[in-house]
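Asks: only the shape, not the letters, is given here:
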């Protein structure tokens, strides 16, 4: 009986030992699988030739702006303003009642005819007096009176001509035309109203030129000292290219040229005023629009660009994770520059040929399985969607 119990206990012990061994082997396999290097999307940094640039904020302004005021007084009899549309120089916009000015012109013409008739008589009297004084038939005083009457008559003719010209000019001012080409605003004085003349009169409307436009922006003192002032000393500021982008536009699709730089730094802001000229043949751009300005400051240089997804921040310092020896993630601090064509310029910290981790749950020193791809990764599930950027997974002490 004791022998049977001993055999039974031995069998149970062997069975338990086998189960324990099997469980141990299974657990070991799962641990090994869990410790396998994770797959992460990686890409080689892009290298391009880029010119150094500086970016500023500015606004579009009109080189010419006119408040249209009448130059003669009268009642407005017709309005021909295409509100909000483009007008050309000399285009009729308002018409003031011309009848009083036509009457004034007719009066001036009549007075001129009267003066011309008087002048003709004075000329005849002078001719006779000149012949008679030669034979002493008249006194010298009578001759002098004839000369004075002739000269006065000539002056009256000149005054009559001036009066006719002034009346004709006033009549032409009843046709209020556009003094410049540009876009006209709404009508401020409607038909039937009586308007005054001169600078103190109420404006009829306003016109702003639209082609070309000026772009005004302020350059910081450091940029001025390092680049722009050197270019101006060499007489080459006009050759500095300027690129313009509007609020809703991607990049800088518009080209402009720098044509003005102020003569002093504004000490309250530490900036200097600059101006560029941008073509606007279709009148699509409007004065007052916000503008993003990118100023090219020198010759093209080699630059490294990466996807913004790969950039992380550790206590205010930017960094990326680089695939190093043995496919281990290495912490690399970087200095960022501007965005060019959707990629971020890296001023320092990376070199050509470096391979960076775009995104994934990776920490410095962790071994990874790189999955090569383009620098700009897709947003679908196949491109690692759902993972955070690689840099976000790095701990604060990763830079140690």
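Replies: Arrived safely, thanks for sending. Not measured: the values here are computed from a predicted model.
Asks: just the helices in the stretch 1-150 of the chain please.
Replies: 2-34, 99-134, 140-173 (DSSP state H, counting those that start in this stretch).
Asks: just the stretch 201-350 of the chain next, same as before
Replies: For the stretch 201-350 of the chain, the helices defined by DSSP H, counting those that start in this stretch occupy 221-223, 229-233.
Asks: which stretch in these has the least confidence?
Replies: Least confident of these, judged by mean pLDDT, is helix 229-233 with a mean of 66.
Asks: residue nearest the centroid of this protein?
Replies: Closest residue to the average C-alpha location of the chain: residue 291 at 3.4 Å, with CA atoms, centre = their mean.
Asks: what sits against that one?
Replies: 57-60, 215, 217, 244-246 (CB atoms under 8 Å, 6 or more residues apart in numbering). Just so you know, the C-beta spots here come from the backbone N, C-alpha and C atoms, and that holds for glycine as well.
Asks: in strands, which of those appear?
Replies: With DSSP state E as the criterion, strands contain 57-60, 215, 217, 244-246 from among those.
Asks: would CSV of these with distance to residue 185, neighbour count and pLDDT be doable?
Replies: Formatted as CSV, the ones in strands among the contacts of residue 291 follow (distance: CB to CB, whole Å; neighbours: other CB atoms under 10 Å; pLDDT from 0 to 100):
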residue, distance to residue 185, neighbour count, pLDDT
57, 26, 10, 95
58, 23, 22, 96
59, 18, 14, 97
60, 16, 20, 96
215, 22, 26, 96
217, 25, 21, 96
244, 24, 23, 95
245, 27, 17, 94
246, 21, 15, 94
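Asks: nearest to residue 167 among these?
Replies: Set against residue 167, the nearest of those by CB to CB is residue 60 (43.1 Å).
Asks: quick one: the closest one and residue 210 touch, right?
Replies: No. The criterion here is CB atoms under 8 Å, and residue 60 misses it with residue 210 at 9.4 Å.
Asks: who touches both of these two?
Replies: Joint contacts of residue 60 and residue 210 (CB under 8 Å, 6+ apart) are 285-287.
Asks: the residue nearest to residue 278 when sequence neighbours are not counted and residue 276: what is the separation?
Replies: Among residues not flanking residue 278 along the chain, residue 256 sits closest, at 4.0 Å (CB to CB, 6 or more residues apart in numbering). Using CB to CB, to the nearest Å, residue 256 is found at 4 Å from residue 276.
Asks: looking at these two, which one has more neighbours?
Replies: A count of neighbours by other CB atoms under 10 Å puts residue 276 above the other of residue 256 and residue 276, at 26 against 22.
Asks: so who does that one touch?
Replies: By CB under 8 Å, 6+ apart, the neighbours of residue 276 are 214-215, 217, 242, 244, 256-259, 293.
Asks: next, count neighbours for the closest residue to residue 69 other than its chain neighbours.
Replies: Leaving aside its sequence neighbours, residue 69 sits nearest to residue 201 (CB to CB, 6+ apart; 4.7 Å). A count of nearby residues for residue 201, using other CB under 10 Å, gives 16.
Asks: would you mind measuring from residue 201 to residue 74?
Replies: 11 Å.
Asks: overlap of the contact sets of these two?
Replies: residue 195.
Asks: quick one, what contacts residue 63?
Replies: Taking CB under 8 Å, 6+ apart as the criterion, residue 63 is in contact with 209, 212-214.
Asks: can we see that at 10 Å?
Replies: When contacts are counted by CB atoms under 10 Å, 6 or more residues apart in numbering, residue 63 touches 180, 182, 208-214, 275, 277, 287.
Asks: rewinding a little: can you list the shared contacts of residue 60 and residue 210 in JSON lines and add pLDDT, neighbour count and distance to residue 168?
Replies: Below are the shared contacts of residue 60 and residue 210 laid out as JSON lines (pLDDT from 0 to 100; neighbours: other CB atoms under 10 Å; distance: CB to CB, whole Å):
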{"residue": "285", "pLDDT": "93", "neighbour count": "20", "distance to residue 168": "40"}
{"residue": "286", "pLDDT": "93", "neighbour count": "13", "distance to residue 168": "38"}
{"residue": "287", "pLDDT": "94", "neighbour count": "18", "distance to residue 168": "36"}
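Asks: which one of the residues you listed is nearest residue 331?
Replies: Out of the shared contacts of residue 60 and residue 210, the member with the shortest distance to residue 331 (by CB to CB) is residue 285, at 46.3 Å.
Asks: next up, phi/psi of the closest one, please.
Replies: phi -80, psi 150 (degrees, to the nearest 10).
Asks: that older thread, now do the shared contacts for residue 256 and residue 276.
Replies: 212-215, 241-244, 291, 293, 295.
Asks: returning to what we had before: the residue nearest to residue 69 touches residue 70, doesn't it?
Replies: Yes. The pair formed by residue 201 and residue 70 meets the contact definition of CB atoms under 10 Å, at 5.8 Å.
Asks: many thanks, we can stop here.
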